[in-house]
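> Provide a 3D model corresponding to the input given below.
(one chain, ligands or ions: 1)
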Amino acid sequence: SFFASKNDPLDRCGIYLAESSTDHTLGNFAGRAFERDDSIGSSEAIVQILDIRHHNMESGILIENFLRTMWSGDATAGSGEGLEVVSAVGGPSFSSTGHVGMINAVIYHPSTLLRTDSDLIASGYDEITSPGRGAFTMYHNLTLLAVDKIPAGMEIFLDFGAEYNNYANPEQPNIDDYRKMDEGMQKMVEFFNKHAENIGEVAANEVYDFMKKDVLDLTAEERAPAARALLPDTYHGLQAIIDVGGSALYNNPEVVKDLDWLKMNGYCQDNLVVGISKIAHAGRGAFAARSMKRGEVVSAMPLVPLNNGKDALIMIDDEEDSEDGDEPTQSYQLLINYMLEHPKSSSLFFSAGAMTNYINHGGKNANVKMIWSTKAWSNVEGARKTSVEELSQFGPIDMILELVATRPIMKGEEVLLDYGDRWEAAWKEHVRTWKAAATIVKTAMALNEIHHGVGKPPYPFPTEREMANDKIDEMKNVLLKCLILIDEDKVDRRRNQDGTRTNVYPWIPHPVAGESRLKTDSAIRGVNRADCVIVDRSGNEASGYKYVVKPSAEADAKKILVKNVPHYAIRYVDKPYTNPQYELGSFRHTIQFPDDIFPKAWRDLDGVSDSRDEL
Ligand SMILES: C[S@@+](CC[C@H](N)C(=O)[O-])C[C@H]1O[C@@H](n2cnc3c(N)ncnc32)[C@H](O)[C@@H]1O
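Have a look, this model is predicted:
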């Protein structure tokens, strides 16, 4: 099962949170070696924040510092939820840094797009009748993907795109300089091993200098200075660089930390795995990946403050017809259910811990509690003395809460926190008064389950022509998305009856081997995710289904077809603004920040603000 096995890699921590080697900012470090295309860490929850800039156009609330710590909806497969989607995530996807020379991982949007919800549905969750409808996120399974070999102890560096502003800087080696020079050095070592003895030391050094100056100037052109800086003084130094794992690691030894140091000074980021909560209607939950002792840190939660948070998370429905003079309807973003609140503070706090966003309310059955971090590399004391208005001077590295076990936790046990009495009362009231809408419209989750249910045979997607008319109403809230990368070199040009031509490209799998840039682009920026229409289908249940699709996002859609698209690369997604998380009447409540640890300096309200719970 999920948790079993003696030499389970889960028994060793796979990734640690600590201070980055690059700056006073958070970083993540490999707890073991990773191969290219391995996934790193656990599968995170994603909370999609919708049109937040639009909803704050008139509020005057400063939200940019908060948003800067979030991903764009493109990176998490959520950009189709609305006009502007920003994604709140925790864990290594949140707390890793970037580096122009040493990108070794990407946030991998197909992991989320291709998620399944069979476990949730099998647990008895009924999306129509559950009072949990719209109260927890439907986005999960976000993972990091290694795009390079990563030695144990090395910092995880993500491609944020922004590093590429520095990509052309000739003073600074970039990822391709490192890679090409490593290849070159390998060849040089082979050359000198073979010939140095015969030609003698003087001639060998002359050859080396010739390669280093003239050959490099000719081949690396404007990258020559950056590339040359990576080469040792004499050819004798080449082998040592190859031996440590290449020029990037040789020139930046500080990016690899000692595993014992990490164990002592870092926070393990994969102590928790996701599963279906044991609590009815709660959705997913966090479960212990390994047994933990009382007092042990289960996970760390770096906090991101959002000033005037409750107001900033209000959505105003300005589409609604207000002819009758009614005020436009207001509701809260789903994110509020994932935020910490203290009644005496105007600030809310997003906790970006590894898997901590999955932790449910356990009331008296809670087995973890929050305490402040005392790590030497953090400056919690400084942040705690600063007023909420000034808090943005501090990064999440200085606002770390530890979730510690209040009793021994067994491997496989659900980890639960006490959200507070007011939360519990609000949830009880919600369950008492909640009524299911009479809806026959299915969500993407329900439809994907038909075609991709785990443990069920694949059920074919209908072609455009086969789409039954009586299904159209039921399907009106969803769109088809295909993961598409095409092999441009293998185009097949067909002449149509009307004289036009159609280009038919073969589909290629992703992740793709080869060029790093294409790989990171398609992984994180959603460039291989397109609206699509199914034109034809072949295969059967036993052999699997293959499709011919029309990528309708292409301007020239009519004239492009993609063939051999496998069944798994096709998914339904919800149309904008139809996900249950936007429905009025969905449960909304913050998590209580424990009073005994809430800093005095952050208390800027008088505290009689319970009425703010209601909109
Ligand atoms: C921070 S999230 C916890 C993770 C969430 N279960 C998920 O699947 O993403 C908080 C939300 O989880 C659900 N939840 C947490 N504890 C619960 C409980 N004891 N009973 C019912 N729902 C709960 C509620 O929908 C709440 O708004």
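
> hey, where'd the strands end up in the stretch 201-350 of the chain?
267-268, 272-276, 284-288, 297-306, 314-316, 330-332, 339-341, 348-351 (DSSP state E, counting those that start in this stretch).

> Minimum distance to the ligand: which of these has it?
For these, distance to the ligand was read as CB to the nearest ligand atom. The smallest value, 3.5 Å, belongs to strand 284-288. Quick note: C-beta positions are derived from backbone N, CA and C, even for glycine.

> Show me what that closest one is packed against.
strand 272-276 (3 or more CB pairs under 8 Å, 6 or more residues apart in numbering; DSSP states H and E).

> The strand it packs on and the ligand, are they touching?
No - for strand 272-276, no contact with the ligand is found by CB under 6 Å from any ligand atom; the gap never falls below 8.3 Å.

> can you give me the offset of that strand from its chain's centre?
Distance of strand 272-276 from the chain centroid (CA atoms, centre = their mean, to the nearest Å) equals 16 Å.

> which residues make contact with it from outside it?
2-3, 10, 42-43, 45, 119-120, 123, 125, 140-141, 283-289, 298-299, 354-356, 358-359, 414-415 (CB atoms under 8 Å, 6 or more residues apart in numbering).

> Keeping just the C-alphas, turn it into PDB.
The C-alpha atoms that make up strand 272-276 are tabulated as PDB, following Å, rounded to 0.1, in the frame of the first residue of the first chain:
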ATOM      1  CA  LEU A 272       3.500  14.300   5.200                       C
ATOM      2  CA  VAL A 273       1.700  12.700   2.300                       C
ATOM      3  CA  VAL A 274      -1.800  13.400   1.000                       C
ATOM      4  CA  GLY A 275      -4.700  11.100   1.400                       C
ATOM      5  CA  ILE A 276      -8.500  11.300   1.800                       C
END
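
> Neighbouring strands - and their directions - for that strand?
Paired strands of strand 272-276, with direction, are strand 284-288 (antiparallel) (DSSP bridges).

> Next to the ligand in this structure, residues from this structure, please.
Residues of the chain lying near the ligand (CB under 6 Å from any ligand atom): 45, 132, 135-137, 277, 279, 281-285, 337-338, 357-358, 360-361, 427, 587.

> Which ones among the residues you listed map onto helices?
residue 427 (DSSP state H).

> Show me which of the residues of the chain next to the ligand are buried.
45, 132, 135-137, 277, 281-285, 337-338, 357-358, 360-361, 427, 587 (16 or more other CB atoms under 10 Å).

> pLDDT value on residue 160, please?
On pLDDT, residue 160 comes in at 77.

> likewise residue 38?
Looking at residue 38, its pLDDT is 89.

> Could you find the closest non-adjacent residue to it?
residue 146 (4.7 Å; CB to CB, 6 or more residues apart in numbering).

> and what of residue 44?
With sequence-adjacent residues excluded and distances taken as CB to CB, 6+ apart, residue 44 is closest to residue 142, at 4.4 Å.

> got the angle between the helix or strand where that neighbour lies and strand 272-276?
Assigned by DSSP states H and E, residue 142 belongs to strand 139-146. With axes from the mean of the first three to the mean of the last three CA atoms, to 10 degrees applied, the angle from strand 139-146 to strand 272-276 works out at 150 degrees.

> strands paired with strand 139-146, and their directions?
Strand 139-146 has its sheet partners listed here by DSSP bridges as strand 39-50 (antiparallel), strand 105-108 (antiparallel).

> Next, the buried residues of stretch 242-252.
246-252.

> For residue 549, which three-state class applies?
Of the three states, residue 549 takes strand according to DSSP: H, G, I helix; E, B strand; the rest coil.

> Could you tell me how many residues sit around the nearest residue to it once chain neighbours are set aside?
Of all residues not flanking residue 549 in the chain, residue 532 sits nearest, at 4.3 Å (CB to CB, 6+ apart). Here the number of neighbours of residue 532 (other CB atoms under 10 Å) works out to 26.

> hang on, residue 532 packs against residue 481?
Yes - here residue 532 reaches residue 481: they are 6.7 Å apart, a contact under CB atoms under 8 Å.

> Identify the contacts common to those two.
Joint contacts of residue 532 and residue 481 (CB under 8 Å, 6+ apart) are residue 570.

> hang on, the earlier thing: would the residue nearest to residue 549 count as being in a strand?
Yes - counting by three-state DSSP, residue 532 falls inside a strand.

> who does it bridge with?
Here residue 532 sits in beta bridges with residue 551, as judged by DSSP bridges.

> need the contact list for the residue of the stretch 501-615 of the chain found nearest the ligand.
Distances between the stretch 501-615 of the chain and the ligand by CB to the nearest ligand atom are smallest at residue 587, namely 5.6 Å. By CB under 8 Å, 6+ apart, the contact list for residue 587 reads 131-132, 134-135, 337, 426-427, 430, 434.

> Kindly report the same for residue 242.
By CB under 8 Å, 6+ apart, the contact set of residue 242 is 182, 185-186, 189.

> Can you list which of those are found in helices?
Judged by DSSP H, the contacts of residue 242 include 182, 185-186, 189 as members of helices.

> who's in contact with whatever residue of the stretch 151-300 of the chain ends up closest to the ligand?
Residue of the stretch 151-300 of the chain nearest the ligand, by CB to the nearest ligand atom: residue 283 (3.0 Å). Counting by CB under 8 Å, 6+ apart, residue 283 touches 120, 125, 132, 135-137, 276-277.

> Quickly note the distance from it to residue 274.
10 Å (CB to CB, to the nearest Å).

> Reduced to three states, what does residue 197 come out as?
Criterion first, three-state DSSP; result for residue 197: helix.

> ok, the residue nearest to residue 44 touching residue 107?
Yes - between residue 142 and residue 107 there is a contact under CB under 8 Å: 6.9 Å.

> ok, back up a step: which of the contacts of residue 283 lies closest to residue 231?
Relative to residue 231, the closest of the contacts of residue 283 is residue 137; by CB to CB it sits at 49.4 Å.

> Tell me, how many residues neighbour the residue nearest to the closest one when sequence neighbours are not counted?
Setting aside the residues directly before and after it, residue 137 is nearest to residue 47 in space (CB to CB, 6+ apart), at 5.0 Å. Number of residues near residue 47 (other CB under 10 Å) recorded here: 25.

> Is residue 47 bridged to anything, and to what?
As for beta bridges, residue 47 partners with residue 88 under DSSP bridges.

> so who does it touch?
For residue 47, the contact set (CB under 8 Å, 6+ apart) comprises 87-89, 137, 139, 334-335, 338, 357.

> Mind doing that once more with 7 Å?
Residue 47 is in contact with 88, 137, 334-335, 338, counting by CB atoms under 7 Å, 6 or more residues apart in numbering.

> Closest one of the residues you listed to residue 539?
Using CB to CB, residue 137 comes nearest to residue 539 of the contacts of residue 47, at 33.9 Å.

> how far away is that closest one from residue 338?
From residue 137 to residue 338 the distance is 8 Å (CB to CB).

> The nearest residue to residue 111 once chain neighbours are set aside: neighbour count?
Counting by CB to CB, 6+ apart, the nearest residue to residue 111 once its immediate chain neighbours are dropped is residue 143, at 4.5 Å. Look at residue 143: counted by other CB under 10 Å, it has 22 neighbours.

> what does residue 547 give?
Number of residues near residue 547 (other CB under 10 Å) recorded here: 24.

> can you check residue 572 too?
Neighbouring residues of residue 572 were enumerated by other CB under 10 Å; the total is 23.

> got the contact list for it?
Shown in contact with residue 572 (CB under 7 Å, 6+ apart): 444, 447-448, 478-480.

> Please narrow those to those residing in strands.
Residues from these lying in strands, with DSSP state E as the criterion: 478-480.

> Can you tell me what sits against stretch 208-216?
Residues from elsewhere that reach stretch 208-216, judged by CB under 7 Å, 6+ apart: 188, 224, 227-228, 231, 234-235.
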